[in-house]
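Asks: model this:
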Amino acid sequence: MATVVRGWNIRKLMARGRPRSGNIESQVLKMNKNGLIEALREAGGISKSEARKTVELFFDSMADALAKGGRVEIRGLCSFFVKEYKGYTGRNPKSGKPVTVKAKRLPFFKSGLDLKTRVDR
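Replies: Got it, this is the predicted structure:
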């Protein structure tokens, strides 16, 4: 029987060439875009290209909404929003000369209550 750590089949992952040294759970729990595509493919029973299109559509839609100044909220999980900062005159720490810093907009992430609760178990 395969060893399962938080929903991941360790033997399958090890057979794929994952590193065999160190803490297995920490190696398994790293998720990137390709890992998300693979999880969607396995859970949804769809092809890898369909899963890739779905994930890219999701991320592109989020990025487009944020670029327009919108907010993306996934109830219970998280929200993404844009903070706007005014320009200001700063100081170069090396030379001490004044430097003008342009106004900017930066994306921010805020975790939801369900995510906080699951992580803190």
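Asks: can you give me the end-to-end distance of stretch 110-121?
Replies: End-to-end span of stretch 110-121 (Cα to Cα, to the nearest Å): 19 Å.
Asks: quick check: longest helix of the protein.
Replies: Taking DSSP state H as the criterion, the chain has its longest helix at helix 48-67.
Asks: so which elements touch that helix?
Replies: helix 33-44, strand 72-74, strand 78-85 (3 or more Cβ pairs under 8 Å, 6 or more residues apart in numbering; DSSP states H and E). C-beta coordinates here come from the backbone N, C-alpha and C atoms, glycine included.
Asks: mind listing what's buried in that helix?
Replies: 51, 52, 54, 55, 66 (16 or more other Cβ atoms under 10 Å).
Asks: correct me if wrong: residue 84 contacts residue 105.
Replies: Yes. Judged on Cβ atoms under 8 Å, residue 84 makes contact with residue 105 at a distance of 5.1 Å.
Asks: ok and the longest helix of the chain relative to helix 33-44, angle-wise?
Replies: Interaxial angle of helix 48-67 relative to helix 33-44 (axes from the mean of the first three to the mean of the last three Cα atoms, to 10 degrees): 120 degrees.
Asks: what's the neighbour count on residue 37?
Replies: Counted with other Cβ atoms under 10 Å, the neighbours of residue 37 add up to 19.
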